[in-house]
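# Dropping the sequence and predicted coords here.
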Amino acid sequence: MKLGMASEIIVPPTEAPKRLENFLKKRFPIGYIRKLFRKNGVRLNGKRCRVNDTARPGDRVTLFIPFERQPSKSAKPASPERRFEILFEDDDILVINKQAGLAVHEGKEILKSQSLLGMLEATYRSQGILPRLVHRIDKETSGILVVAKREAVAEDLEKRFEKGEVEKEYLALVLGRVHPKEGSIDFPIPGREGKPARALTRYRVERELPGTSLVRVNMETGRMHQIRLHFARLGHPVVMDDRHGDFAFNKQFRKTHGLKRQFLHACTISFEHRGKKRTWNAPPPDDLTRTLSSLREESQMADFRSHS
């Protein structure tokens, strides 16, 4: 493998000794880490290493980011359109508004150059910056995402996310009428190690629409697919969720209202940054506002018929 740009991580003194793979997967996607190990792109204190080697406080872990491979014939070509907007940037962080359909990192069918992280790496590589995700949102979820530009900043933000010091708010359209109209869902979801971990979601119904409810959601924890899993457990899955949703309803909803992806948008994030509480907002994108307009029209037509 041609070794590309190097990124160095010092294991914090507060970190307990653990398998190198477990240390790294808290910071990067597991598939990406395993790929680097397969390509001999990881060094522990300057020496080649294996996934089951132990990372101890003070150890120096170096990742060599490989040069982008050429797309295979089966891979989808990268879109020339940049599918994200930078809402805020300074020397420490980027606050990004991501479009639905853009994966945050590479995967089995997604080249690195097609992912948000790959695009950011290509942009900032010449400045000696290796952007790092401190949290994630699904490919088909739109909205706000925070990216760190320095290792120390990433570690600090990750701890604050884990402690619940970062406020995240979403808009979701879910199936049916949600009762009570304001409440919380406290049900464990498998965490990083596959063991059940506490997951707490608070919600408030913003508006009732034909066959659905628009809810504003605050995540107290950040488990994978948390909102989707929690509302599915309530019997009110997210509209157009292709994994946990009501497939018959979704098929008819797409035909009627034209929405092609799950109605889930990360609209607000707040946390202390450089000694000051900061809040960033991203309004719902066009496909979601069109869907809401279509539902309101349906509701108005139903009212008209009932009074005629």
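Yes, it's here. Numbering: from 1, shown residues only.
# Domains in this structure, by residue range?
As given by automatic domain parsing, the domain ranges for the chain are 6-64, 84-161, 165-307.
# Just send these back as CSV, with mean neighbour count too.
All C-beta spots, glycine's among them, are computed from the backbone N, C-alpha and C. CSV is the format used below for these (neighbours: other CB atoms under 10 Å):
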stretch, mean neighbour count
domain 6-64, 15
domain 84-161, 18
domain 165-307, 16
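# any idea which of the ones you listed scores lowest on pLDDT?
Mean pLDDT is lowest for domain 6-64 among these, at a mean of 84.
# For the closest residue to residue 283 other than its chain neighbours, list the residues it contacts.
Distances taken as CB to CB, 6 or more residues apart in numbering put residue 267 closest to residue 283, at 7.2 Å, once the chain neighbours are dropped. Taking CB atoms under 8 Å, 6 or more residues apart in numbering, we find residue 267 in contact with 143-144, 169-171, 281-284.
# So which of those are in strands?
Counting by DSSP state E, those place 143-144, 169-171, 281 in strands.
# any chance of those in a markdown table, with distance to residue 33 too?
Output for the ones in strands among the contacts of residue 267, formatted as a markdown table (distance: CB to CB, whole Å):
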| residue | distance to residue 33 |
| --- | --- |
| 143 | 26 |
| 144 | 25 |
| 169 | 30 |
| 170 | 28 |
| 171 | 33 |
| 281 | 33 |
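# Check the gap between residue 47 and residue 130 for me.
Noted for residue 47: a distance of 21 Å to residue 130, by CB to CB, to the nearest Å.
# Need the contact partners of whatever helix or strand residue 228 lives in.
Here residue 228 sits within helix 226-234, counting by DSSP states H and E. Outside helix 226-234, the residues that touch it by CB under 8 Å, 6+ apart are 138, 170, 172, 174, 178, 185, 187, 189, 199, 201, 215, 217, 219, 223, 237-238, 241, 243-245, 262, 264.
# Mark which of these are part of helices, please.
Judged by DSSP state H, the contacts of helix 226-234 include no members of helices.
# so of those, which ones are in strands?
170, 172, 174, 185, 189, 201, 215, 217, 219, 264.
# Was I right to think the third one contacts residue 240?
No: Residue 174 lies out of contact with residue 240 (CB atoms under 8 Å); the separation is 10.5 Å.
# Send me stretch 203-215 as CSV with only the CA atoms.
Once non-C-alpha atoms are left out, stretch 203-215 reads as follows in CSV (Å, rounded to 0.1, in the frame of the first residue of the first chain):
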residue,chain,number,x,y,z
TYR,A,203,-40.3,14.1,22.4
ARG,A,204,-43.1,16.7,21.9
VAL,A,205,-45.8,16.5,19.3
GLU,A,206,-45.6,19.6,17.2
ARG,A,207,-48.6,18.9,14.9
GLU,A,208,-51.0,16.2,14.0
LEU,A,209,-51.3,15.5,10.3
PRO,A,210,-53.3,13.0,8.2
GLY,A,211,-52.3,9.5,9.6
THR,A,212,-49.1,11.0,11.1
SER,A,213,-47.6,13.2,13.8
LEU,A,214,-44.8,15.7,13.5
VAL,A,215,-42.6,15.4,16.6
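# Which element is encountered next along the chain beyond the helix holding residue 228?
Heading C-terminal from helix 226-234 (DSSP H and E), you reach helix 247-257.
# Noted, bye for now.
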